[in-house]
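Peer 1: quick one: sequence and predicted model below, then my questions.
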Amino acid sequence: ILQAAMKSVFNQDVMPDFDIENASYILSFGADFLNTWVSPIRYARGYGEFRQGARDRGTLVQVDSRFSMTAANADEWIHVKPGMEGLLALSISQTIVSEGLGDPKAAEALTGGNLNLLDPFAPDKVASRVSEAFPADKMAEKIRRVATEFATHRPGLAIGGGSAAAHTNGMFNLIAIYSLNYLVGSVGKPGGIIFNP
């Protein structure tokens, strides 16, 4: 399903490289990249650079329904109901677009020119559906904060897989998650998603 999502979002038949070491802010949705996801050795090396390289320390936010190894090493773990990762990603997208924090051309392309298309996913409207770990008003506030941080601490990298893909709505989740990279201008750039030649 991950490769099918790459084809859908990036029109690539192969997995791109996730440039963790050069990212400033990573949003990981269910991708336990420090333990078992895709290439843990490659990502552990990149994570070391992300945390202790010759630049400011990066921020990692793990969105997951369980406390994984990656969640244990994250700056923040956001507990979500299983299968709700895509809904959270759309809420983050809605905040980025409504606040004018993203690439306007990408926002227009992703919404077909109708920016109001994302209004049903506003944080206040989805907070209680996404997580029961926090009161709805606190969760909505958390979504807005994370969206703002992700959009303003560039390069930002959004990755998804593992538990986010392991549901009947897994493809929806991954498409919503990987589309975030377009909104913050992280496609084909250092610290983002690098395509294989």
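Peer 2: Received the coordinates, thanks.
Peer 1: point out where the chain drops to low pLDDT.
Peer 2: Along the chain, segments meeting pLDDT under 70 span 53-54, 197.
Peer 1: give me the neighbour count for residue 21.
Peer 2: Residue 21 has 19 neighbours, counted by other Cβ atoms under 10 Å. (C-beta placed from N, C-alpha, C; glycine too.)
Peer 1: against residue 40, how distant is it?
Peer 2: Computed as Cβ to Cβ, to the nearest Å, the residue 21 to residue 40 distance reads 14 Å.
Peer 1: can I assume residue 185 sits in a strand?
Peer 2: No: according to DSSP: H, G, I helix; E, B strand; the rest coil, residue 185 belongs to no strand; its state is coil.
Peer 1: in the strand or helix carrying residue 140, which residues are buried?
Peer 2: Under the criterion of DSSP states H and E, residue 140 resides in helix 136-152. Buried residues in helix 136-152, counted by 16 or more other Cβ atoms under 10 Å: 136, 139, 140, 142, 143, 144, 146, 147, 149, 150, 151.
Peer 1: please apply the same query to stretch 186-197.
Peer 2: Quick answer for stretch 186-197 (16+ other Cβ under 10 Å): 186, 187, 189, 191, 192, 193, 194.
Peer 1: do the same with stretch 3-15
Peer 2: 5, 6, 9, 10.
Peer 1: quick one: which helix or strand includes the residue positioned nearest the centre of the chain?
Peer 2: Per Cα atoms, centre = their mean, the C-alpha nearest to the average position across the chain is that of residue 158, at 3.1 Å. Assigned by DSSP H and E, residue 158 falls within strand 156-160.
Peer 1: partner strands of that strand, parallel or antiparallel?
Peer 2: Strand pairing for strand 156-160, using DSSP bridges, gives strand 25-29 (parallel).
Peer 1: residues making contact with the partner strand?
Peer 2: Strand 25-29 has contacts (Cβ atoms under 8 Å, 6 or more residues apart in numbering) with 20, 50, 58-64, 70, 74, 85, 88-89, 92, 146, 149-150, 153-161, 164, 173, 177, 180.
Peer 1: which SSE is immediately downstream of that strand?
Peer 2: Using DSSP H and E, the helix or strand that follows strand 25-29 in sequence is helix 40-52.
Peer 1: export that following helix to PDB, keeping only CA atoms.
Peer 2: Provided in PDB are the C-alpha atoms of helix 40-52 (Å, rounded to 0.1, in the frame of the first residue of the first chain):
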ATOM      1  CA  PRO A  40      15.600   1.300  10.200                       C
ATOM      2  CA  ILE A  41      19.400   1.400   9.900                       C
ATOM      3  CA  ARG A  42      19.400   4.100   7.300                       C
ATOM      4  CA  TYR A  43      16.800   6.100   9.200                       C
ATOM      5  CA  ALA A  44      18.600   5.600  12.600                       C
ATOM      6  CA  ARG A  45      21.700   7.100  11.000                       C
ATOM      7  CA  GLY A  46      19.700  10.000   9.500                       C
ATOM      8  CA  TYR A  47      18.000  10.500  12.900                       C
ATOM      9  CA  GLY A  48      21.400  10.800  14.600                       C
ATOM     10  CA  GLU A  49      22.300  13.700  12.200                       C
ATOM     11  CA  PHE A  50      18.800  15.200  12.600                       C
ATOM     12  CA  ARG A  51      19.400  15.300  16.400                       C
ATOM     13  CA  GLN A  52      23.100  16.000  16.700                       C
END
